[in-house]
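S.K.: pasted the sequence and its predicted model underneath.
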Amino acid sequence: MTHAPTTAAQELNHDSDAPVLAHERTTRFLEGTSKLRRHIVTPEGVPVPIEIANYGERLAAFVIDLTIWFLLTLAIYIPILTLVSRTGGTLIAISIALFIGFLVRNLYFIYFELAWRGATPGKRIVGLRVIDRNGGPLVASAVIARNLTREVEMFIPLGVLIQGHSDWEQLAIAAWVMFCLAIPAFTKDRMRGGDLIAGTIVISLPKVALLSDLVERTLRFTFTPAQLQAYGAFELQVLEELLRRPQSRDGMQVLDEVCDKICRKIGWTAPLPRQDVIAFLRDFYTAERAFLEREQLYGKARADKYAQQQPHA
Amino acid sequence: MTQAADLIDDTRIASRDAALAARTLVLKSREFRKGREDGWRELEGLVERVERRGVYALTIDELERLPILYRAALSSLSVARTIALDRNLLLYLENLALRAYLAVYGPRADPIAGLCSFFLHDLPAAVRAARWHILIVTIALLAGVAAGFVLTVQDESWFTAFTPGEIAGGRGPASTAASLRDKELFAPWPGAVQAFGIFANVLFSHNTAVGLLCFGLGLAAGVPTLMLVIYQGLGLGAFIALHHDRGLTVDCLGWLSIHGTSELGALILLSAGGLVIADKLLFPGSYSRVENLALHGRQAALMAVGGVLMLFVAGILEGGFRQLVQSTPLRFAIGLTIGALWLAYYSLCGRRTRP
């Protein structure tokens, strides 16, 4: 049971860098360490991994939202502009545009994050969600707070900058905006000021499809327990990933090399024609998984090929 | 462990056809998946619809199924973590559990109810919780006003020192009583479009910039916040003194009060929000400073929201009513009523616990 997750509450606040489960280590190996992973604990007490959204994803979602916002504002503004242009000056026209922009922007973000469960249209397209950082429900006041803080962080100061005031004010406000933009780089879960204040985080939540099981029903090749002891869960899951990749010439070459390595490692001497490589690997995967899963149940989980050899009972 | 052991007896390896040496493997993880996959797929369909169209897209029966299927999926995930090494299966279950969790524990309130509870309960409660910060800022502001007034009454050159040229708007030691009265205090109403322009402009005005700076500078331990508040008070005191010297004290106060109760209230609220930030940073208690800020930051943000709200009202009053209402008593009446309403809203609203 060494793979069982540790106590939930500790997990959240003192997340260690060490992967908790075997497949998380494999994921880290395959996808690199650039992704920030955390766990939240559901009220039922089950830790579930989450992935913190990176800057690029958040920027993309924000740009999409801003585009929609801009078009909406324009749609409302143009009729008003034609009304005003007869009587008012440019400054008033600009002021009214900024004001309508302000209203539309806030209603847009707050409405969608509440109605679409933590996702604006931009976030949904990119696959992001806003969640409570402690795993609780996302409450309305948190959504409102994190969005109105964006005004204080960025939009109102930018508006003030555009209007132009005295030099020291301009400088102070520019410094404030820069500071707010830099906050996500210095906080633990890439939280911007609004997230910090509302206690939320933005996670990346792409859908994962359930693929068919790779396990074969009948095996053409058989392996001895001694042969199967050569590897552990990590190698098994890397092999799974390779077998699941769409077939291609490069992929085939990789599989050939992997097959050669496995044969050498387990001392497979029988001839193996090239067209049988995939069948062989799938059989080996099946036998290896059956073996390792059974060992794990008996409390002898093998993390990888370096795990200590245990005499087979 | 016993539960897991029940699920798994040995992985049977039975030879069926000795001649072909083919073997049939029965993997517990595969049998496990076979028995539960339908439930997962059903949950996935429900979650997909909730994500797309909200919980209202589900029928009553489906709504009842959702939490049952969700808990079943969580249990599947826990079992799979102990018995299965199929990485795709584990990733799928984790993803499904998280999405179902977000569907089941998503925001409860619909947007309208959320906004109502925000403005009727959360916002005034946050402001009430910061009453000491508000008191400190108010004292600082009043001290500034008093100092500015006393200094400028003695020597009017202080007015130019306290008030930047663009804010003074042509007023100064050289102004005569008549020019102040007719061109400023009782200037004619500029018309609806201009008035709306002034209102819409409020967000980008000097006072908004100062208010936001007061809030933001809370991060610098609050001292710059208080300095800025005092400086604003000095300007205001000097402004009153300028009118006092020309016998316009009452008219000036009336002119200020109509939007000033909202605008100064906004300044006080934003600055007090800055002080709350400073407070949480300086005295983190048993948390780290950033943790403490995250824990209590919502209060500061709510106060900033309240401040911006008041600035809006001030904008409406300044643009729409100040020059439309040309009588000083009426100006006092409007200004003080609005001020009393703010006070009542922040001190009384949402005191009763919500059902």
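M.R.: That came through, no problem. Numbers count the residues shown, from 1 in each chain, chains lettered A, B, ... in the order given.

S.K.: same question for the helix or strand containing residue B:278, mean pLDDT?
M.R.: Assigned by DSSP states H and E, residue B:278 belongs to helix B:249-282. Taken as a whole, helix B:249-282 carries a mean pLDDT of 85.

S.K.: same thing with stretch A:153-170?
M.R.: 73.

S.K.: quick one: end-to-end distance for it.
M.R.: 15 Å (C-alpha to C-alpha, to the nearest Å).

S.K.: tell me if the helix holding residue B:278 is near chain A.
M.R.: No - using C-beta under 8 Å from any C-beta of the partner chain, helix B:249-282 never reaches chain A; the gap is at least 8.9 Å. Heads up, the C-betas are built off the backbone N, CA and C, glycines and all.

S.K.: could you point out which element follows that helix?
M.R.: helix B:289-316.

S.K.: helices or strands up against that following helix?
M.R.: helix A:140-150, helix A:193-198, helix B:123-129, helix B:192-200, helix B:206-216, helix B:249-282, helix B:328-348 (3 or more C-beta pairs under 8 Å, 6 or more residues apart in numbering or on different chains; DSSP states H and E).

S.K.: got the domain boundaries for chain A?
M.R.: Domain assignment of chain A by automatic domain parsing yields the ranges A:8-52, A:55-204, A:225-297.

S.K.: quick check: which of these is nearest to residue B:302?
M.R.: With distances scored as C-beta to C-beta, the stretch of the domains of chain A nearest to residue B:302 is domain A:55-204 (6.4 Å).

S.K.: what about stretch B:266-275, distance to the chain center?
M.R.: 13 Å (C-alpha atoms, centre = their mean, to the nearest Å).

S.K.: also stretch B:98-117?
M.R.: 18 Å.

S.K.: quote the end-to-end distance of that stretch.
M.R.: Terminal-residue distance, stretch B:98-117 (C-alpha to C-alpha): 28 Å.

S.K.: residues of it that come out buried?
M.R.: By neighbour count with 16 or more other C-beta atoms under 10 Å in any protein chain shown, stretch B:98-117 contains the buried residues B:98-107, B:109, B:111, B:114-115, B:117.

S.K.: confidence-wise, which of those residues comes last?
M.R.: residue B:109 (60).

S.K.: would you agree residue A:136 is in contact with residue B:106?
M.R.: No - in this structure residue A:136 lies outside contact range of residue B:106 using C-beta atoms under 8 Å: 11.3 Å.

S.K.: okay, now the unreliable bits of chain A?
M.R.: Residue ranges of chain A with pLDDT under 70: A:1-20, A:33-34, A:84-92, A:163-166, A:309-313.

S.K.: residue of it closest to chain B, please.
M.R.: Nearest to chain B, among the residues of chain A, is residue A:140, at 2.8 Å (C-beta to the nearest C-beta).

S.K.: spell out which helix or strand contains the spatially closest residue to that residue that is not a sequence neighbour, please.
M.R.: Closest residue in space to residue A:140, ignoring its immediate chain neighbours: residue B:114 at 2.8 Å, by C-beta to C-beta, 6 or more residues apart in numbering or on different chains. Applying DSSP H and E as the criterion places residue B:114 in helix B:111-117.

S.K.: that helix packs against which elements?
M.R.: The contact analysis (3+ C-beta pairs under 8 Å, 6+ apart) places helix B:111-117 against helix A:90-115, helix A:140-150.

S.K.: so what does the last one touch, helix or strand wise?
M.R.: The one in question is helix A:140-150. Helix A:140-150 packs on helix A:90-115, strand A:128-132, helix A:193-198, strand A:200-204, helix B:111-117, helix B:289-316, going by 3+ C-beta pairs under 8 Å, 6+ apart.

S.K.: using CSV, lay out the ones you listed together with distance to residue B:26.
M.R.: Formatted as CSV, those follow (distance: least, C-beta to C-beta, whole Å):
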stretch, distance to residue B:26
helix A:90-115, 48
strand A:128-132, 39
helix A:193-198, 48
strand A:200-204, 37
helix B:111-117, 52
helix B:289-316, 51
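
S.K.: winner for burial among the ones you listed?
M.R.: Sort the helices and strands packed on helix A:140-150 by mean neighbour count, taking mean count of other C-beta atoms under 10 Å in any protein chain shown, and helix A:193-198 sits at the top with a mean of 26.

S.K.: which strands and helices sit next to it?
M.R.: Partner elements for helix A:193-198 (3+ C-beta pairs under 8 Å, 6+ apart): helix A:140-150, helix A:167-186, strand A:200-204, helix B:289-316.

S.K.: who wins for proximity to residue B:324 among these?
M.R.: Here helix B:289-316 is closest among the helices and strands packed on helix A:193-198 (C-beta to C-beta), at 11.4 Å.

S.K.: report the angle between that closest one and helix A:140-150.
M.R.: For helix B:289-316 against helix A:140-150, the angle by axes from the mean of the first three to the mean of the last three C-alpha atoms, to 10 degrees is 80 degrees.

S.K.: residues contacting the residue lying closest to residue A:112 once chain neighbours are set aside?
M.R.: Take residue A:112 and drop its neighbours on the chain: the residue closest to it by C-beta to C-beta, 6+ apart is residue A:120, 4.3 Å away. Neighbour list for residue A:120: A:61, A:65, A:108, A:109, A:112, A:113 [criterion: C-beta atoms under 8 Å, 6 or more residues apart in numbering or on different chains].

S.K.: tell me the one of those nearest residue B:51?
M.R.: Nearest member of the contacts of residue A:120 to residue B:51, counting by C-beta to C-beta, is residue A:112, at 12.6 Å.

S.K.: who are the contact partners of the closest one?
M.R.: So residue A:112 contacts A:119, A:120, A:121 (C-beta under 8 Å, 6+ apart).

S.K.: doesn't the first one fall inside a helix?
M.R.: No - the assignment for residue A:119 by DSSP: H, G, I helix; E, B strand; the rest coil gives coil, which leaves it out of any helix.

S.K.: that one touches residue A:130, doesn't it?
M.R.: Yes - the criterion here is C-beta under 8 Å, and residue A:119 meets it with residue A:130 at 7.1 Å.

S.K.: if I pick residue 245, what's in contact with it?
M.R.: Because you didn't say which chain, this covers chain A. By C-beta under 8 Å, 6+ apart, the neighbours of residue A:245 are residue A:251.

S.K.: should've been chain B
M.R.: Residue B:245 makes contact with B:153, B:156, according to C-beta under 8 Å, 6+ apart.

S.K.: any idea how far residue A:194 is from it?
M.R.: 47 Å (C-beta to C-beta, to the nearest Å).

S.K.: ditto for residue A:205
M.R.: Distance from residue A:205 to residue A:194, by C-beta to C-beta: 19 Å.

S.K.: what's around residue A:182, how many residues?
M.R.: By other C-beta atoms under 10 Å in any protein chain shown, the residues close to residue A:182 number 11.
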